[in-house]
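In: I would like to see how this sequence folds:
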Amino acid sequence: MKLFLISWTIAAFVWWLIALCLLAQSRRRTPLPASARRAAMTVFKPLPPVRDEPERAALAAAIGSFVGQLAAADEMVIGLDAADAAGWQPSLQAWRAAWPAARLIVVAREVPRQWANPKISWLQVLAPSARGEVWLWSDADVTAPPGFLDGIGGQLAADGGNAVTAPYVIQHIRQAHGVLDALFVNVEFLPGALLLGRLSQQDFAYGAATAFRAETFHARGDWHKLGAALADDHKLGELLQPVTLAKTLVSTFTKPAGWGEAWQHYYRWQKTVRWCRPSGYAALLVLMPAFGWALAGLFGGLKPFYLSGLVAVLGGEIMVAWLACRLVGCRLPPATWMGVLLWPFFRAVTWLLVWVPLPVLWSGRQRAWFAPQQE
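Out: Numbering: from 1, shown residues only. Modelled structure (predicted):
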């Protein structure tokens, strides 16, 4: 038993070492030169419902990072709820004042609900307005680094694949309960995405930013399949493959209302991965030797060896989380430290709960999903 637990722990921390190396190398990823030729691009930005003005300001700043990169032949198609159009007018005016040459197409109407997936409902409504040869689907809360549009457009032209998708990080935690999202993205998601990109095993896409040719989507896309999928980005990649990983990262932010909503969002992310890749998600048990040490201690009479092993594993995982966030430029304020300390517990409990037939809720719409596909 002792040898098994030690071997299990070594296997887990070999991966964590690889993950930290991948994150360190990701900071040196650079996009193609800005001079790389690319086709005219349409950037899609359906706007989600906002909770308050600070959240609107954060979304406006993120969208502005794309507006400022639009070339003369590019355009951005924005979808917004007509009931909230007045609230977005200052942002629209600010974008037009800062970048008067940018072509912004605004579609203001009642929120479309023809599909279970609200984002796909909006994207289908916006698609007829798009004139670019290349489409870029990107969530509203994503910030693009300088040169991103030229880089991803140039890579799409150079790689020969059907789509290029960008991995993402969370670099700024505005509230303590946002730490769960940051730990999932920076520690659990990003290293695996980077590894799959290196292995050319990228048959799915990420909602942060995915670029593809409009003609490819018209030939291979399926609004019905996308609209019925909780993980529409995963389904998009399946439809358009082969997909390559972008040579640069984008960033997103998180702003849950409290710890309950933060865990709900964390659970939704985990459940989505489990639904999309059940065997791969089950294999994550290899990275949770704390289960073995805890069970051995419980049934072995709480012997010091097992308790010491459990404490060492949990301490090591906390150190990995701190280092991973540091490597991607995410500062962990003191208010988040309790969340970091509890992350190994949250991670293990959530891994168990995702196998229970509990639903997930779509943020903002509060629609329950009991399966990855929903009509």
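In: flag every buried residue along stretch 111-125.
Out: 111-112, 115-125 (16 or more other CB atoms under 10 Å). Any C-beta I mention is one placed from the backbone N, CA and C, and that applies to glycine too.
In: which two of those residues have the greatest separation?
Out: 116 and 125 (15.2 Å; CB to CB).
In: any figure for the gap between residue 375 and residue 238?
Out: Remark: distance between residue 375 and residue 238 (CB to CB, to the nearest Å) = 18 Å.
In: again, but for residue 343
Out: Distance from residue 343 to residue 238, by CB to CB: 31 Å.
In: neighbour count: those two, which is higher?
Out: residue 343 (25 against 19; other CB atoms under 10 Å).
In: and the closest residue to that one other than its chain neighbours, what element?
Out: Among residues not flanking residue 343 along the chain, residue 183 sits closest, at 5.1 Å (CB to CB, 6 or more residues apart in numbering). Using DSSP states H and E, residue 183 falls within helix 179-183.
In: and the average pLDDT for that helix is what?
Out: The pLDDT scores in helix 179-183 average 95.
In: kindly report the same for stretch 128-144.
Out: Averaged over stretch 128-144, pLDDT sits at 97.
In: what is the end-to-end distance of it?
Out: Start and end residues of stretch 128-144 are separated by 25 Å (CA to CA, to the nearest Å).
In: how far does it sit from the chain's center?
Out: With CA atoms, centre = their mean, to the nearest Å as the basis, stretch 128-144 stands 16 Å off its chain's centre.
In: so which bits of that stretch are buried?
Out: Neighbour counts over stretch 128-144 (16+ other CB under 10 Å) mark 130, 132, 134-144 as buried.
In: what's the answer for stretch 188-199, then?
Out: Buried, per 16+ other CB under 10 Å, within stretch 188-199: 188-194, 197.
In: may I have it exported as PDB, CA atoms only?
Out: Extracted in PDB, the C-alpha atoms of stretch 188-199 (Å, rounded to 0.1, in the frame of the first residue of the first chain):
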ATOM      1  CA  GLU A 188      -6.400  22.800 -14.500                       C
ATOM      2  CA  PHE A 189      -7.400  23.900 -18.100                       C
ATOM      3  CA  LEU A 190      -4.500  25.700 -19.600                       C
ATOM      4  CA  PRO A 191      -1.600  23.200 -19.200                       C
ATOM      5  CA  GLY A 192      -3.700  20.500 -20.900                       C
ATOM      6  CA  ALA A 193      -4.700  22.800 -23.700                       C
ATOM      7  CA  LEU A 194      -1.100  23.700 -24.300                       C
ATOM      8  CA  LEU A 195      -0.100  20.000 -24.300                       C
ATOM      9  CA  LEU A 196      -2.800  19.000 -26.700                       C
ATOM     10  CA  GLY A 197      -1.700  21.800 -29.000                       C
ATOM     11  CA  ARG A 198       1.800  20.600 -29.000                       C
ATOM     12  CA  LEU A 199       0.700  17.100 -29.800                       C
END
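In: what's the mean pLDDT across it?
Out: 92.
In: how about residues contacting it?
Out: 18-20, 22-23, 25-26, 167-169, 202, 206, 244-245, 269, 324, 328, 347 (CB atoms under 8 Å, 6 or more residues apart in numbering).
In: please repeat the previous calculation with a cut-off of 6 Å.
Out: If you take CB atoms under 6 Å, 6 or more residues apart in numbering as the criterion, stretch 188-199 is touched by 19, 22, 26, 167, 202, 245.
In: the helices in the stretch 201-350 of the chain, which residues?
Out: Secondary structure of the stretch 201-350 of the chain by DSSP state H, counting those that start in this stretch: the helices cover 214-220, 223-227, 232-240, 259-276, 278-282, 289-299, 304-327, 337-353.
In: got a markdown table for those, with distance to residue 361 and mean pLDDT too?
Out: Shown next, in a markdown table, are these (distance: least, CB to CB, whole Å; pLDDT from 0 to 100):
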| stretch | distance to residue 361 | mean pLDDT |
| --- | --- | --- |
| helix 214-220 | 29 | 97 |
| helix 223-227 | 18 | 96 |
| helix 232-240 | 16 | 95 |
| helix 259-276 | 6 | 92 |
| helix 278-282 | 20 | 94 |
| helix 289-299 | 27 | 91 |
| helix 304-327 | 26 | 95 |
| helix 337-353 | 14 | 95 |
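In: among the ones you listed, which comes closest to residue 54?
Out: Here helix 259-276 is closest among the helices of the stretch 201-350 of the chain (CB to CB), at 15.7 Å.
In: now do the buried residues in that closest one.
Out: In helix 259-276, counting by 16+ other CB under 10 Å, buried: 262-276.
In: of these, closest to residue 214?
Out: Distance to residue 214 across the buried residues of helix 259-276 (CB to CB) is lowest for residue 276, with 25.6 Å.
In: let me see the contact set for the closest one.
Out: Residues near residue 276 by CB under 6 Å, 6+ apart: 231, 234.
In: please redo it, this time with the cut-off set to 8 Å
Out: So residue 276 contacts 204, 231, 234, 372 (CB under 8 Å, 6+ apart).
In: would you list the phi and psi of the first one?
Out: Put plainly, it is residue 204. Taking degrees, to the nearest 10, you get phi -140, psi 170 for the backbone angles of residue 204.
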